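Q: How does the following fold in three dimensions:
(one chain, ligands or ions: 1)
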Amino acid sequence: MNRREILKSGVLATGSLLLSTERMGFKRITHDAVNGETYIALKLLIGELETYILSDGIISLASIQPTFAPGTEESRLTNELSKLHLSPKQMEMGIHVMLIRKEDKLILLDTGSGHHFGENGGKLIPSLQTIGLSPEHITDIVITHAHIDHIGGILNAEDEFIFPHATYHLAKKEYNFWMSEKPDFSNAKGNQSAADFNISFAKNMLAKINDRIQLFDYGQELFSCLIPELAEGHTPGHTIFTIHSRGKFLKHIVDTFHTPFLVSKPDWGTQWDTDFDQAVATRKNIMKEESENSTLLMSCHLPWPGLGFIDKRGKDFYWRIYPYFNPINITI
Ligand SMILES: [Zn+2]
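A: Residues are numbered from 1 along each chain as shown. Now for the predicted structure:
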């Protein structure tokens with residue numbers, strides 16, 4: 001049916017469209033269903049590697065500063081946000097979790113936020129269920145860094161393991177930082193109470209999984225498809241990954257950028273970085289290299305589903321969302 005035929009048949013008129021979808025056996029999604037256990041997963045085929053991007057929900061900040069762009073003049077921030085079509089009043093970030101199926105392994109990259117973000121987070125399990133999986137199926141979990149939105153889903157509110165059969169994998173450098181006697185936050189721009197909270201949360205969680213962790217070095221390939229690389233600053237051991245199969249690949253840059261304006265203004269930074277200046281330097285290195293190489297990037301918090309490129313317009317960098325057309329299935 002071409003557009004003219006569709007118009008002639010009246011299918012586009014709202015009433016008849018609803019009627020016709022119901023006649024075809026489609027179930028209309030109600031508001032209740034969306035608020036229930038339904039959530040979202042997107043299949044992403046990288047070469048022959050089956051992966052999924054699962055939503056764990058969103059992080060919502062009532063005000064952008066000083067968490068982001070601390071010390072930047074408000075009018076400059078507002079101007080940049082408006083250029084990028086972002087709200088000046090609040091900031092929302094997705095929490096995207098990747099799942100990789102490799103032979104008999106089901107590997108998650110992080111666990112999402114668990115019960116710590118209330119209704120906004122903890123959607124990873126319903127998202128897994130949309131592809132017919134439950135937490136018992138997960139064999140391995142690779143932790144990118146030990147922040148609450150990445151390790152908060154290790155335990156449930158009753159302190160029980162959510163993924164009972166999983167082995168955890170974490171970079172030695174990240175583990176050693178959090179488990180050291182006094183993790184150094186002297187180069188962060190956040191306050192000490194936020195640092196103390198992060199430290200005690202990470203120490204507690206890593207201690208809980210201590211006998212289930214395998215520590216890895218950067219460059220040591222995991223599961224014949226994941227190459228970890230150090231991208232320090234956000235945390236000292238913040239790990240990014242090249243995910244590859246049959247010559248196809250993407251680079252998962254994890255928390256290098258939380259928002260598109262950190263791509264256009266990398267110096268503005270965030271209080272969430274353990275070392276503010278180091279995080280700026282890492283951001284700039286990645287921007288230069290990956291824009292020159294036109295690398296397909298994946299990110300934990302940039303607009304859903306987190307896929308995109310860093311492009312250059314004149315001398316300015318910007319985040320370009322990956323254009324995809326099948327809403328539930330991407331092949332690269
Ligand atoms: Zn994060």
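Q: Enumerate every residue touching Val263.
A: 257, 287, 310, 317-319 (CB atoms under 8 Å, 6 or more residues apart in numbering). Placement of C-beta: from N, CA and C, glycine included.
Q: Which parts of the chain are helices?
A: Per DSSP state H, the chain has helices spanning 3-9, 14-23, 31-35, 74-83, 124-129, 148-151, 172-179, 192-208, 261-264, 276-292. These are given in chain order.
Q: from the contacts of Val263, which ones fall inside strands?
A: 310, 317-319 (DSSP state E).
Q: mind listing what Lys102 touches?
A: Going by CB under 8 Å, 6+ apart, the list of residues near Lys102 reads 49, 223-225.
Q: Low-confidence regions, the stretch 151-300 of the chain specifically.
A: Nowhere does the stretch 151-300 of the chain drop to pLDDT under 70.
Q: Most proximal residue of it with respect to the ion?
A: Asp255 (4.3 Å; CB to the ion).
Q: Which residue, other than its chain neighbours, is closest to that residue?
A: Of all residues not flanking Asp255 in the chain, His234 sits nearest, at 4.8 Å (CB to CB, 6 or more residues apart in numbering).
Q: Quickly note the distance from the one you found to Ala171.
A: 13 Å (CB to CB, to the nearest Å).
Q: and if you look at Leu215?
A: Counting by CB to CB - Leu215 and Ala171 are separated by 7 Å.
Q: same thing with Leu84?
A: 32 Å.
Q: Looking at these two, which one has more neighbours?
A: Ala171 (25 against 15; other CB atoms under 10 Å).
Q: in terms of contact, does the more buried one touch Gln214 like I think?
A: No: contact criterion CB atoms under 8 Å: Ala171 and Gln214 do not qualify, at 10.8 Å.
Q: any chance of the ones in strands among the contacts of Val263 in JSON lines, with distance to the ion, pLDDT and neighbour count too?
A: Below are those laid out as JSON lines (distance: CB to the ion, whole Å; pLDDT from 0 to 100; neighbours: other CB atoms under 10 Å):
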{"residue": "Ile310", "distance to the ion": "18", "pLDDT": "98", "neighbour count": "25"}
{"residue": "Phe317", "distance to the ion": "21", "pLDDT": "97", "neighbour count": "20"}
{"residue": "Tyr318", "distance to the ion": "21", "pLDDT": "97", "neighbour count": "18"}
{"residue": "Trp319", "distance to the ion": "16", "pLDDT": "98", "neighbour count": "21"}
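Q: what's near enough to touch the closest residue to Thr144 other than its chain neighbours?
A: The shortest distance from Thr144 to any non-neighbouring residue, by CB to CB, 6+ apart, is to Val254 (4.5 Å). Neighbouring residues of Val254 by CB under 8 Å, 6+ apart: 144-145, 231, 234, 238-241, 299-300.
Q: Now with 6 Å, please.
A: For Val254, the contacting residues are 144, 240, 300, by CB atoms under 6 Å, 6 or more residues apart in numbering.
Q: so of the residues you listed, which ones are in strands?
A: Using DSSP E, the contacts of Val254 in strands are Ile240.
Q: List buried residues within the contacts of Val254.
A: 144, 240, 300 (16 or more other CB atoms under 10 Å).
Q: which residues touch the second one?
A: What that stands for is Ile240. Taking CB under 6 Å, 6+ apart as the definition, contacts of Ile240 comprise 229, 231, 252-254.
Q: What is the burial count for the closest residue to it other than its chain neighbours?
A: Excluding the flanking residues, the one nearest Ile240 by CB to CB, 6+ apart is Ala231, at 4.4 Å. Using other CB under 10 Å, Ala231 has 26 other residues around it.
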